[in-house]
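Novice: give the three-dimensional model of this entry:
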Amino acid sequence: MKSALIGAGAMAVHNYARQTEDLDLAVSEPLDRFRRLADDLRKRGFEVELAEPDAQDPLGGVLTVSRGGAGPVQIVNLDNSTFSAGHPRLGRIAVTTSESRPDLPSDIRVVTLPILIALKLYAGGAKSELDVLELLGRNRPVDLGALRELCADLGLRDQLEEVLARVE
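Specialist: I've put the predicted structure just below:
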């Protein structure tokens, strides 16, 4: 199953380190495959907590996986097409366009900066907006034309323009 580093881990890769206790991975899978992943991880000896999605949830579920004293890994399913909720296309793009990085193990892929910004805009809220501002400021120059095009294509143009108005 393809996955991509998101959240604070991805922000650190993109020059914005923030304190966190867990690691977030994104997948974009139908709910039945996501449930099978939870079962497979349990069979391998991991402690797994599955938060199931509902019709109002933009996410297709979250697995919190731990073992021993290690910090938890959250596997976030960005596809909630079971309930026709969320933004499954953004999830697919996040996973399929993720990149390997020379400073990370080869099997860890990270969402690109534009996709990370789009995910933050989609999540919404003050904390996510501040994260976008920090990411933009710490990764200059950012191709704003390409970012605007991506966000317009994903239906996030207004959210991006709101944040950019604070910078310009």
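
Novice: give me the domain ranges for this structure.
Specialist: The chain breaks down into these domains under automatic domain parsing: 1-111, 112-168.

Novice: for the first one, measure first residue to last.
Specialist: By that I understand domain 1-111. 15 Å (CA to CA, to the nearest Å).

Novice: and it, how far out from the chain middle?
Specialist: Centroid displacement of domain 1-111 relative to its chain, using CA atoms, centre = their mean, to the nearest Å, is 7 Å.

Novice: for V142, which non-adjacent residue is closest in space?
Specialist: Distances taken as CB to CB, 6 or more residues apart in numbering put L136 closest to V142, at 5.6 Å, once the chain neighbours are dropped. The C-beta positions use only the backbone N, C-alpha and C, and glycine is treated the same way.

Novice: now R148
Specialist: L160 is the one closest to R148 (CB to CB, 6+ apart), at 6.4 Å.

Novice: could I get the pLDDT score of the one you found?
Specialist: Note on L160: pLDDT of 98.

Novice: wait, a helix at it?
Specialist: Yes - assigned with DSSP: H, G, I helix; E, B strand; the rest coil, L160 falls within a helix.

Novice: isn't it right up against E149?
Specialist: No - the criterion here is CB atoms under 8 Å, and L160 misses it with E149 at 10.3 Å.

Novice: these two: which is more packed in?
Specialist: Between L160 and E149, L160 has the larger neighbour count (other CB atoms under 10 Å), namely 20 against 13.

Novice: let me see the contact set for that one.
Specialist: I117, L121, L147, R148, C151 (CB atoms under 8 Å, 6 or more residues apart in numbering).

Novice: so what's A12 up against?
Specialist: R18.

Novice: swap in T112?
Specialist: Counted by CB under 8 Å, 6+ apart, T112 has contacts T97, S98, E99.

Novice: out of those residues, which is most surrounded?
Specialist: Of the contacts of T112, with other CB under 10 Å as the count, S98 tops at 22 neighbours.

Novice: any idea how far that one is from G61?
Specialist: 20 Å (CB to CB, to the nearest Å).

Novice: and what of P102?
Specialist: P102 is 32 Å from G61, by CB to CB.

Novice: span of stretch 17-27 from start to end?
Specialist: 22 Å.

Novice: if we take the contacts of L160, which one ends up nearest to Y16?
Specialist: Using CB to CB, I117 comes nearest to Y16 of those, at 11.1 Å.
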